[in-house]
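K.L.:
Got a predicted model here, sequence first, then my questions.
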Amino acid sequence: MLHLSCRLVTQGLTKPNNFTVRNQCFKLQLNLARQFSGIAHLGGQGRLRDISDSAAAGSIISMDHHQRHGPITMTTRSSSSKVAPAKIKTYSVTKNLHFYSSSRTNWSKDSQTLRLDEQLDKPLVLMFAWLQATEKHIKKFAEFYIEQGFHVLVVHLSPWQLMWPVQGSQVVAGDVVKFLRNNDLERGVVLHGFSVGGYMWGECLVKIHEDESNKLVLDKIKGQVWDSAADITEIPVGVPYAVLPKNPMLQRALRGYITYHLKLFQEEATQHYEKSTNIYHSEPVRCPSLMFVSKSDPVGTEEANRKVMASWESVGVKASIKCWDRSPHVGHFYKHHDEYVDLLLAHLSSLNIADYIPKAKL
């Protein structure tokens, strides 16, 4: 069906002025998007569950990991040899925003403004996850940052939301900016994005620059970390790889479809990708940046990330990059764990975060 859909969309591209054909292609694309979402669902077992705002009804819903895979525990180090377990709970702010904390606070919010009833007493890491990121993977980073004395807010994006930005990624970006604007965050915010997270932050920047009152958000951000950040030109490579990592044949079919999607839906999708990537390059948040890349990564390429770095440095952003010869896409933390953590701790220590003292690494 996927191969057939791609061929039919190709026929539509050869007759762009034929309204009937274009409309048929549009309907076909919607059907394929549903299949696409189904494939993503089957391939993404273990992801954080989506919980609607209506279910939240004015409070953040706690998703205790004990209900599914047992509690997430971490160790807090002290001068003694005793190990004190700390349980990490996950709270749903929206269906795409999930809050990780080891605090005993029962976090609640205003469902309209996303303002927390109790403001954070620690700095916040705003983490933009990669497509199909599993709970197991995100948990490792949450554990690291919570041990370092941060709270963590994770932003998830589904393949469908990526493909249809007006109804998808831009809605998520609006919620991210709303959360940043309406909460005090006096201890500051650190961005940590993976892969398509660079595009997602670009959509947030679009929202910030559209409204003058949102620009105060930028003052809260003290530093940024980008791991395997993917340029918009790599969407046809990155999405199939994320959704179907073990099926090269379907990857090729899906890559062809996404290429057609970008050509056919210029107004509905492609122009928004271009706007996001342009502002990501030219209007960065003015705080120190650390990039992790690999020469062997076909999605978050070294070349694309170095272009971003040069663009940021030209407007005064202090930027540094670590590039490995061989390391998988969004897998540097696991492949080069000690070096990754050492660089990350040094970067965090250099930021203007009040009273932050790096802890021993995991």
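P.N.:
Arrived safely. Note that the structure is a prediction, hence the values are computed from the model and not measured. Residues are numbered from 1 along each chain as shown.
K.L.:
Just the CA coordinates for stretch 206-215, please, in PDB.
P.N.:
Output of stretch 206-215 as PDB, limited to C-alpha atoms (Å, rounded to 0.1, in the frame of the first residue of the first chain):
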ATOM      1  CA  VAL A 206       8.900  31.600  15.600                       C
ATOM      2  CA  LYS A 207       6.200  31.900  18.300                       C
ATOM      3  CA  ILE A 208       8.500  33.900  20.600                       C
ATOM      4  CA  HIS A 209       9.400  36.500  17.800                       C
ATOM      5  CA  GLU A 210       5.700  36.800  16.700                       C
ATOM      6  CA  ASP A 211       4.700  38.300  20.000                       C
ATOM      7  CA  GLU A 212       6.900  41.000  21.800                       C
ATOM      8  CA  SER A 213       5.700  39.800  25.200                       C
ATOM      9  CA  ASN A 214       7.100  36.400  24.600                       C
ATOM     10  CA  LYS A 215      10.700  37.600  24.200                       C
END
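K.L.:
Pull out the buried positions in it.
P.N.:
Val206, Lys207, Ile208, Asn214 (16 or more other C-beta atoms under 10 Å). (C-beta placed from N, C-alpha, C; glycine too.)
K.L.:
could you dump those residues to a markdown table with pLDDT and distance to Asn183?
P.N.:
Below are those laid out as a markdown table (pLDDT from 0 to 100; distance: C-beta to C-beta, whole Å):
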| residue | pLDDT | distance to Asn183 |
| --- | --- | --- |
| Val206 | 97 | 21 |
| Lys207 | 97 | 16 |
| Ile208 | 97 | 15 |
| Asn214 | 94 | 13 |
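K.L.:
Tell me how many other residues crowd Cys204.
P.N.:
28 (other C-beta atoms under 10 Å).
K.L.:
Lys307 too?
P.N.:
13.
K.L.:
distance of it from Asp227?
P.N.:
Separation of Lys307 from Asp227 (C-beta to C-beta, to the nearest Å): 17 Å.
K.L.:
Grab the nearest non-local neighbour of Asn96.
P.N.:
Nearest non-adjacent residue to Asn96, counting by C-beta to C-beta, 6 or more residues apart in numbering: Val172, 4.7 Å away.
K.L.:
Can you show me the strands along this structure?
P.N.:
Taking DSSP state E as the test, the strands found in the chain are 61-63, 72-76, 84-92, 97-101, 124-128, 151-155, 189-194, 221-227, 289-294, 319-324.
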